[in-house]
Each structure stands twice: as structure tokens, then as C-alpha cells.
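Enquirer: Here is the input, now give the coordinates:
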Amino acid sequence: MTGWLAIVNPRSGGARNCSSFRRVLRLLERVVEEIVFTEQPGHARELASRAGRYRGLAVVGGDGTLHEVLTGTDGGSQRLALVPTGRGNSLARDLGLTSALRGLGAIETDLTTRVDLVDVVLEDDSGRRCALRSASTVAIGYPVAVTARADRSFRMAGSYCYLAAAIVESVRQPRFTIDCAYDGAPAESRGLTGLILNNTRHVANFVGFPDARCDDGRFDVLELDAGFVQQNLHNVSALCGSRHASSPPPFQARALEARLNEPTSVMVDGQIYAGVTSLRACLIPAALECSRAEHGATA
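Expert: Numbering: from 1, shown residues only. Below is the predicted model:
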């Protein structure tokens, strides 16, 4: 297959020097025109911004690599193929691409679907803005602490890193104050331990939103204000793919404008952005043509 560029993150999920990863690269050579490797954080975004001549991009990595590629592309005119090698792989899981080999198979069978994306604008207290594009998760508070802990302390635990980090971070969940306006309604002030906007069923490798779809024109919202016991009940239910053990339950929206009472870290698809004082999120329906497995969630 010609016209495809593969952007490969060799560090994704600890894949470097792994025999299965080398096998993926050998198979990838058969279905793409060119393979390029990322060298540092932000490089996938740069590579994607220069890849306009290709009709499709194969993203070999995890949620963070996909996030960089989406932010670097020209708005969704290219088809994307996901070859998941990360620890979370939220969108890939929703599309039935539960392994790198299934991702490669989806390129060859040429099955696609259109999925929603979320445009995100973060602003710091100096007024500096950062425009991003999310395929899966935007979060504040507890989920950000879990992501940071998983990367810092539990990388060697593979797909279990988020579970371990979720348990550790549930012991201490600082509250923050945020003014939220959903879908143009008046802003309301809330004291929360966490906020999640999710475009997929999965939050990393948790089934955090069992009823969600990545093609329904809405993102799902969960506002967290839980202690140790309630938070871990919620974590267990998400791990098992059951309905939320949380109160209040999640709801849906198309847009959010939020202002924080002090600079706070925000996580977008596994990437953490520090010093944020306000954010805007707007869902873009059917923004991306993406590979899927034969029985993917949006099939």
C-alpha cells in the first residue's frame, strides 16, 4: 500500500528492544510507504505537520502519540490508522484494535469509520494559549495525578500501571474550585476532586464510560468529589466495565468553558499541561476517518 506514512514512537509502552515490537515494524514495512521514528516529546506533532503529501498516517504508539499527531495534522483530511503499542490506547480499544497486529490488519482490510474529536484550548495566567486536539480524554485533578503517578512510579507494570496509580492516588485527593459552563449555559462554581471529559468508552485501559460512543456527537462528563472508599469502588467498577459506582452519574455535553481558581495541571490524552487557568473544549462530530476492526465498537 502506498501513500501511507507510519509515525512510530519507539518508547511507547516500553516497546524499545522488544521482539514483538520488532515484528510489528517488519510487518509495517509491507503496508506503508515510509516509516519515521519520534525522537523526543513533541516530535510526532512536528512529523505530522510535515506529512501533508501522504493520504494516510499510521500511528504506532499510544494515546499520547495519537494526540500529538492529531494536533499536528491539518484538521482531519487524512485517514489515520492506529497500531496501538501504548499502555492505554483508549480510542484503539473502542475501535476493536486491541493489539498492534489487529491495527495492522485493519490497514490491510481497509475498514474505516468516522469518529468525533474534541478541540481543546488551554490558557495560562499570562494569557498564553495552547490549541490541541483530543481523541479520548481531557481531565483535571485526580485523573491527572493518576497519569503522572503511573508514568513516574509504575511504568514497568505495563497495562496495570494505571490501576496501581489509581489506588495510590486515591488516598489523597485535593479539591479544586472550577467554574463550568456547559453548552453555553451560565457558569456554575463547583468544588471537585476530579473532572473528566471523555470521547471514548475507555479512560486509558479502564472502561470508564460503558455507554459512551466515539461517534455520537457528544462527550461524556464525570465530575468527581469522592473519598478513598467511594473512589476505589468507582475504580473497580470501571476496571470491570460495569456501570459507575459514582454519584452524580456522568452526563453528556458538546462544549465546556471552564475557569480554575488557581493554575492547575490538565491532562489531554495522557499528556500533562501545567499552569492552566482556563480551558475550552468543543466536540467536532465525525472529524476523523479512522481504521477499525471488523467488529469495532462503532461498526
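Enquirer: So Thr65 versus Asp183, what's the distance?
Expert: 31 Å (Cβ to Cβ, to the nearest Å). In this view, the C-beta of every residue, glycine as well, is placed from N, C-alpha and C.
Enquirer: quick one: which of these two has more around it?
Expert: Between Thr65 and Asp183, counting by other Cβ atoms under 10 Å, Thr65 is the more crowded of the two (30 against 11).
Enquirer: Count the residues that sit near the closest residue to the more buried one other than its chain neighbours.
Expert: In space, and not counting its chain neighbours, Thr65 is closest to Asn9: 4.4 Å by Cβ to Cβ, 6 or more residues apart in numbering. Using other Cβ under 10 Å, Asn9 has 25 neighbouring residues.
Enquirer: so what's the residue nearest to Ala135 when sequence neighbours are not counted up against?
Expert: Once flanking residues are discounted, Ala135 sits nearest to Leu91: 4.5 Å by Cβ to Cβ, 6+ apart. Leu91 is in contact with 63, 66, 82, 115, 135-136, 199-200, 202, 214, 290, counting by Cβ atoms under 8 Å, 6 or more residues apart in numbering.
Enquirer: What is the linear distance spanned by stretch 114-133 between its boundary residues?
Expert: 16 Å (Cα to Cα, to the nearest Å).
Enquirer: again, but for stretch 11-23
Expert: For stretch 11-23, the first-to-last residue distance is 15 Å (Cα to Cα).
Enquirer: picking that back up, please state the offset of the helix or strand the residue nearest to Ala135 falls within from the chain centre?
Expert: Using DSSP states H and E, Leu91 sits in helix 90-94. Helix 90-94 sits 9 Å away from the centroid of its parent chain (Cα atoms, centre = their mean, to the nearest Å).
Enquirer: now stretch 12-32
Expert: Mean-position distance between stretch 12-32 and its chain equals 22 Å (Cα atoms, centre = their mean).
Enquirer: Can you work out which other helices and strands pack against the host helix or strand of Thr71?
Expert: According to DSSP H and E, Thr71 maps onto helix 63-72. Helices and strands touching helix 63-72, by 3 or more Cβ pairs under 8 Å, 6 or more residues apart in numbering; DSSP states H and E, are helix 43-49, strand 56-61, strand 79-84, helix 90-94, strand 129-134, strand 271-291.
Enquirer: quick check: angle from the third one to strand 56-61?
Expert: Right, the one you point to is strand 79-84. Orientation check (axes from the mean of the first three to the mean of the last three Cα atoms, to 10 degrees): strand 79-84 against strand 56-61 gives 20 degrees.
Enquirer: what sits up against strand 79-84?
Expert: 4, 6, 24, 28, 55-62, 66, 69-70, 89, 91-93, 95, 97-100, 103-104, 106-107, 112, 288-291.
Enquirer: among those, which ones are buried?
Expert: Among those, the ones that count as buried by 16 or more other Cβ atoms under 10 Å are 4, 6, 24, 28, 56-62, 66, 69-70, 89, 91-93, 95, 97, 99-100, 103-104, 106-107, 112, 288, 290-291.
Enquirer: following the helix holding Leu91, which helix or strand comes up?
Expert: Following helix 90-94 in sequence, per DSSP H and E, is helix 100-109.
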